[in-house]
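# Need a 3D model of the following:
(chains A and B)
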Amino acid sequence: MLRRFITLLCFGFIAALQTANADEPLPPVAQWFPQDAILTLEISKTTDLLDLVLSPILIKAVTSTPAYQNAASQTGFKEFQGVIQYLETILGIDWKSAVQKLLGKGVTLAFLPDEAFLLAIDAEDEDLLKQLHDTLLGFAKDDAIKKGEPDKVESKEYQGVTGWTLDGKEAHVIIGNRLLYSNKSKVLKDVLDRRAGLINQNLTENQVYQSAKKTVNADAALSIFLRLDILNKLPQMQKALAQNMNPLLALLLAEIPEAIQKSNWLSLALDVSEETLSLNASMDGMLSDTAGPMTFARPDKSNNGAPPILTVPRQIAGISFYRDLYKFYAAKDDLFPERTSGLIFFENMMGIFFTGRDLTEEVWKETKPEIRIVAAKQEYDPSIGIPGTQFPAFAVIFKLHNPQKFGEVVEEAWQKAIGLINFTRGQQAQPGLLIDRPVYNDIKITSTYFSSVQEEKKTNLDTRYNFQPTLARIDDNLIFSSTDQLAKDLIDSLKKEKEQSVESLKNTHSVVELDAVQISSILKTNRETMVRQNMVEKGISREDAETEFDLLTYVINYLGHASLNVGTQKAHTNAKLEIKLNLPNQ
Amino acid sequence: MPVPTAALVSNSQMGKKSPTESHIQVDPQWAWKPYEPCAEQPWNLRWAGHLYRRAAFGATWKQLQQALADGPQKTADHLLRPQVDINGFDQELGEYESSAAKSESAEGIRAWWLRRMIQTPHPLLEKMTLFWHGHFALSNTSVKNAQLMYQYICLLRQNAMGSYESLFDGIAHNPAMLIALDSEKNRKAQPNENFALELLQAFGLGPSHFTENDVRETARAFTGWFVMKNQSRFIPREHDAGSKKILGEEGNFTSKDAIQTVLRQPAASRFVIRKLYRWFISEIEYPPDPLMAPLEESFAKDYDIEKLVSTMLRSNIFFSQTAYRKRIKSPVEFALGIIQGMEANVSTTKLGQDLAALGQNLYHPPTIKGWPGGRHWINSATLLSRCNLANALLSDKSLYGGKLSPLAIAKKHGFSKPDSTCKFLLDLYLQGDLDSEARESLLKRVPQSTEANDYSLELNQYAQQIFSLPEYQLV
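Below is the predicted model:
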C-alpha cells in the first residue's frame, strides 16, 4: 500500500535535488519543451483552479458522495489518510496548503511522439518541494529494505544537474523551483541540453504553437494546444473525418470536420469564474467558399443564425440548429456519393408518406433552416399508467415557408406514418396507437396514444406508454413531439416567444443547452433499470452497480447547467462551452 | 474408433483404458451401477473435475476439495439437489430477466442467462436447461420476441429435471415454438404438416421412425391451436375432431393424445436418452443397444429426467475412460470453466457477444436441430478465437477489465510461490492430468520475474497456455 502510494505521489510531485544556478530566475517553461509536442496543456493560473478544486463546497460535494463514503470506510483508504497525516506532520503543513504551494506557479504537460510525455511543475515553495522529495526518497529506500529488495533509486549527473530515477524507467530533475518529469530519460536529457544551449529549437519557436497561443486570453486559467497538422495525417483521424460519413452525423456536425481537416492547430482556453467554467475553442482552418456543398449550416445573411433555445417545464435539453435541409439534401450526391441502402429506403418511405412528391424540391424546400429540438422529463397520469422504464419526451420543431399550403401535406404524411406503425404492430400482435384530434390553446393537434384500459395494474407498464406521438402546427412552426404533453408545452412556449419577438443568434449554427439537474433526476427515476444493466454490462455486484450509479448521478447533478455554442466567423470555426456548477451550499 | 480432431486429444489420453471395460462391449449392469471407488479406480481430483465439468460449468478450488472429501455419490447428491436457497436466487434473477425481456432486449436476456449460469447454486439445472435449448432448439431469429423466448427458456428450466412428458407437452404448445415453426394458425382446413414433421423428427423420435401419413395425422391432431396476442389458444371450432391414425394407434386424437402416442414409442425414449448420453458420457462412440436398454426401459415408465440424469452421473461408465474427456467443450463451457475457476464475474453482455462469435449464440441456435456440437465446435479459426477470448478474459486492457486474476485466486487459496501457483492452476483446470510433453512445455513457462507486475503478466500467460491446451478443450 505504502509503496503504491509513494509511486502515486512520485508521479505527481517528485523532486530531485541539486540545482545549478538556483538563484537565477527560470525562463518560461515552454523554452525548455520540444518543438514537436503534439498536445500541450498549460495551467498558468493554478490558484484559480485550485481555489475551485479545493474549495470547501467542492470538497463537501465529493465527500458527501456515497462512493467516497464507501471508500472512506475501507482499510486501504484509512492507511492512505494515515500517510497523508504523517506527511503533514513531517512537512509541517496541511495537505491543501501543500498542494497549493507545490503547484502554485504553474503546471505544463506535453505529450510527445513515441508515447513520451514531459511534465513541468513550478512550485511556489522551493524548499517544500525539496523537503517532500527527500521524504519520498526516504520512503522508497525504507520500503525496499523492508521488502528485502535492492534500492532502485538512482541518480546521475548530466549538464551540471542531478537527474533521478525511482524505477529505472522514469526520470526527473529539480531545477530551482521547477520539477521536470518524463517517462523517458531521453526526453529529459534533451530538456537539459536545450537548457544548456546545445539544442536550439524549442516549443516557443514553433509557428503553429505561436499562432495558437495568440488566440488564447492571457488570463485563461488553463490552455490546451493540439497540433492538428500532425494528427490529421493519422489514418484513423482521416477515416473519422471522411466526408462519406453517416448522413445524420454529417448534418449534425456540418462544417466541423472540414474545419479540423484544414486546421493546423486547435486551441482550448478555460476560464474559471466562481462556479462557472468557460471553455473557448478555436481552429485556424479557413472554410470553403459559400458555394460549397458543406455550406448548408452557414447563414445566408449576416443577421441569420440558429434560433434561440425553446424552454418548457422540466426541460432536460434544448438544441437549436441553423441547417438548410434543402441545400443539404440537394448536395447529397456530393456529400454521399456512395448512397447507402438506408438512404434509399428513407427516400422510398418519404415518397409514400408525401404522396410521390420530390423529396428535395417539394418537401425539404418547404422548410426553413431554423430547427429546434427539445427534451423534457415526463409527468405521468397515474390513472393512465406509469411505465417501468421512463424515457424523456422529445420534440423537433421545423419552420415552414408556406404553412397553410404545406401544413395539410404534413398532416396527411403523419397520419399515413401512424397507420403504417399500427399495421406493422398489428402484424406482430401488438396493440396500436389510437388517433385523437383535440384543440389546445386554440391549436388543433393530432395526438396518438396507447390505450391502457385493459392494463390491470397501472404501474411498471411497457415502455410504449412513454410515447403519445403528436403533431401540431402553430403559425409557421411545425411540432413533431413524442408526447402530447410536450407538444402542448411547446405551443405555450412558442406563443410566448411570438409575443417577445426574439432574434436569431448571429454567427452561430449550433446551440446545445443541458440541464444536468434534470438529467440526474431522470436517471434517478430509472435507477433500478440502469443498475441492472450495469450489473451485466460490467459483471459487477448489485452493490457495486448501485455505488457507481449513485456517483454518476451525484457528479451530473453538480454540473448544473451546460451550454455549447458553435459557429463560424470570418470563415473560422469556433466554439464555447460554459458550465455553471451546481455545488451544495456551504 | 472415431476420435475428436487429432490435435485435440493427446495419444496418452486416448490410450488409457479401464482394465474392466471394452469400448464396444460393456456390461450394461456394470455400466449403470453406481460407481464405488476402489484401488483400481480411486476417487481423486481427476474424477472430481470430470464430474464438475459435465454436471456443472467447471468448479472452484473449494468445490473440488469438498468433492474430494465427500466422495462421488455425495458430490452427485449435491449437484442433483443442492441444499441451498435456490428459490431466493431464482426469484432475484427471474426479476432481472423478466425486466430485460419486457424491454424486448434479446441481448439483455442472453446476458442474464449467462450471469445465472455463473452464479447459480444449482449449475446442473442450468446445464440441463442448456441441453434442452439445444434439443428443442428455438431461435429468436424466427420468433423475434424476447418475452416469448424468455418464457420458453423458463419452461425448459422448470422441466429440465422434471417430467419429460410435461416438457414435451409444454414445448409442443409453447407460443414461441408455434411461431418458430410457422404454426401460429392451425386451421382444420389447412393442418400444418411442417410443424408435425419437426415435432416427430427433430424433437420426438428422430428420423426414420414415422411415415408421411403419421405426419399428416399428427398435423390434424394439432389443428385448433393458434397464437393470439402472443399466447397459445385452442379454438375448438378449428379442431379436426375426426378419427386419426398415428404411429399405429387410432382414435379421435387431440394434440395431447398425439404427444402421448409419440412418447409411447420406444424410439422416443431411445432418441432423447442417446442425446443425453452424448451430453454426459461420450460423443465419440455410438452406444450399443444393449448398453442403453436398461435406461430406455426405466425412462419409458415415468419419463423422469432427474432419475435418468442421476443414473448417468453416478454410474461406473461415467467414471470410466469411456466418458473421460470424450466430448469437446462448447464455447459456453469453455468460457464459463475459466470464469468459475477464477471465482469472479465478468461482463456477460460482452461474453454473450463473444460466445456468439465463437458459434454459440444463446437464444439463437442455428437450426431446429440445435448446435451440431462435437468436432463442429473446433476449427483453426475457432481455436484461435478461443485463445483470444481467454486472453481477453484475463487482460485488464480488454472490455472484461482484467477481473479474472490467476495470481489473486492462487493467493486466495494459499499458493504464492511460482511453482506452487502454477501447479495450483494446473490442478484447478486440468486436475494435473496432462501428458508429459505438455507438462514439460508448461514447466518452461513458469514465471521467473521478480517484478510484481511482470510476474502477474507472466502468470496470465501461463494460464492462457493452459486454456489453449487440447486437454482444456475437452469436457
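# quick one: contacts for A:Ile260?
A:228, A:232, A:241, A:266, A:283, A:285 (Cβ atoms under 8 Å, 6 or more residues apart in numbering or on different chains). Every residue, glycine included, has its C-beta placed from N, CA and C.
# Oops, could you answer that again for A:Asp324 instead?
If you count contacts by Cβ under 8 Å, 6+ apart, then A:Asp324 has A:296-297, A:300, A:369 around it.
# From these, list the buried ones, please.
A:296-297, A:369 (16 or more other Cβ atoms under 10 Å in any protein chain shown).
# Dump those residues to TSV, plus pLDDT.
Below are these laid out as TSV (pLDDT from 0 to 100):
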residue	pLDDT
A:Phe296	89
A:Ala297	89
A:Pro369	95
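# Now render those as CSV, adding distance to B:Ala356 and secondary structure.
Listed next are these as CSV, based on distance: Cβ to Cβ, whole Å; DSSP: H, G, I helix; E, B strand; the rest coil:
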residue, distance to B:Ala356, secondary structure
A:Phe296, 40, helix
A:Ala297, 40, helix
A:Pro369, 44, strand
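# hmm, back to that, need the contacts of A:Asp324 in a markdown table with distance to chain B, can you?
Shown next, in a markdown table, are the contacts of A:Asp324 (distance: Cβ to the nearest Cβ, whole Å):
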| residue | distance to chain B |
| --- | --- |
| A:Phe296 | 36 |
| A:Ala297 | 36 |
| A:Asp300 | 45 |
| A:Pro369 | 37 |
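# will you turn these into a markdown table that also has distance to A:Lys377?
Output for the contacts of A:Asp324, formatted as a markdown table (distance: Cβ to Cβ, whole Å):
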| residue | distance to A:Lys377 |
| --- | --- |
| A:Phe296 | 32 |
| A:Ala297 | 29 |
| A:Asp300 | 36 |
| A:Pro369 | 29 |
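# which residues of the stretch 151-300 of chain B fall in helices?
Remark: helices assigned in the stretch 151-300 of chain B by DSSP state H, counting those that start in this stretch are B:164-172, B:175-180, B:193-198, B:212-221, B:255-264, B:266-280, B:289-302.
# Counting by contacts, list what the third one packs against.
Using 3 or more Cβ pairs under 8 Å, 6 or more residues apart in numbering or on different chains; DSSP states H and E, the elements in contact with helix B:193-198 are helix B:212-221.
# list the helices and strands the helix it packs on packs on?
Using 3+ Cβ pairs under 8 Å, 6+ apart: helix B:212-221 touches helix B:193-198, strand B:244-246, helix B:255-264.
# ranking these by burial, who's on top?
strand B:244-246 (a mean of 21; mean count of other Cβ atoms under 10 Å in any protein chain shown).
# in the host helix or strand of A:Asp193, what counts as buried?
Assigned by DSSP states H and E, A:Asp193 belongs to helix A:185-195. For helix A:185-195, the neighbour count (16+ other Cβ under 10 Å) marks A:185, A:187-192, A:194-195 as buried.
# low-confidence ranges in the chain?
I'll assume chain A. For chain A, applying pLDDT under 70 flags the ranges A:1-24, A:243-245, A:289-291, A:339-340, A:585-586.
# my bad, chain B
Checking chain B against pLDDT under 70 turns up B:1-25.
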